[in-house]
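A.B. asks: Starting from these lines, generate the structure:
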Amino acid sequence: MIALAGCSPGQRIVVVGAKSIELMMDLQRRGYFLAASAGNCGLPAAQYDAALVDWRRRPLGALDAAMDWLDGFLGPRAVLVIWLDAQKPAAKDNLRAAVAKRGFIVLQGAEHPCGSALLARRSQAYPMQKAA
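C.D. replies: I've put the predicted structure just below:
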């Protein structure tokens, strides 16, 4: 997930999911000292540069509430990586629509035998260019 997001150790990262504390501690062992889990991330103030969401073995419908909660923590240039169980194409389309509804642009998807990942960035990071 870190490689897909392109995070550097100096960025603030919030980790969300059932194993968020374990993943946060693993990131900190690897030198990402500004990583926080959903349980210790403070109050929402657009303070995080990246969110890593491990949503494997969880219902896709419950992701909406997590995304609503997470939105206030992410800065205007934040990246979002969501790791899911292998999904049907219709479920992937629903996920892309939910992410776009919250102001993110889907940049990339990745497939793996144990699931799939989606990389998105806030649309404010890509300002519209003025017409000439």
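A.B. asks: and the biggest strand by length in the chain, which strands flank it?
C.D. replies: In the chain, with assignment by DSSP state E, the single longest strand is strand 74-84. With DSSP bridges as the test, strand 74-84 is paired with strand 48-54 (parallel), strand 115-122 (antiparallel).
A.B. asks: Most tightly packed of the ones you listed?
C.D. replies: Mean neighbour count (mean count of other C-beta atoms under 10 Å) peaks for strand 48-54 among the strands paired with strand 74-84, with a mean of 24. Glycine gets a C-beta too; all of them are placed from N, C-alpha and C.
A.B. asks: List the contacts of it.
C.D. replies: Contacts to strand 48-54, defined as C-beta atoms under 8 Å, 6 or more residues apart in numbering, come from residues 1-2, 5, 7, 11-20, 23, 36, 41, 63, 66, 70, 73-75, 77-83.
A.B. asks: at 6 Å what do you get?
C.D. replies: The contact list for strand 48-54 (C-beta atoms under 6 Å, 6 or more residues apart in numbering) reads 1, 5, 7, 11-17, 70, 73-74, 78-83.
A.B. asks: burial measure for residue 110, as a count.
C.D. replies: A count of neighbours around residue 110, defined by other C-beta atoms under 10 Å, yields 14.
A.B. asks: So what pairs up with the residue positioned nearest the centre of the chain in the strands?
C.D. replies: With distances taken as C-alpha atoms, centre = their mean, residue 80 lies nearest the centre of the chain, 2.7 Å away. Going by DSSP bridges, residue 80 is paired in beta bridges with residue 51, residue 120.
A.B. asks: Which stretches in the chain count as helices?
C.D. replies: Here the chain has its helices, by DSSP state H, at 2-5, 20-29, 63-71, 89-101.
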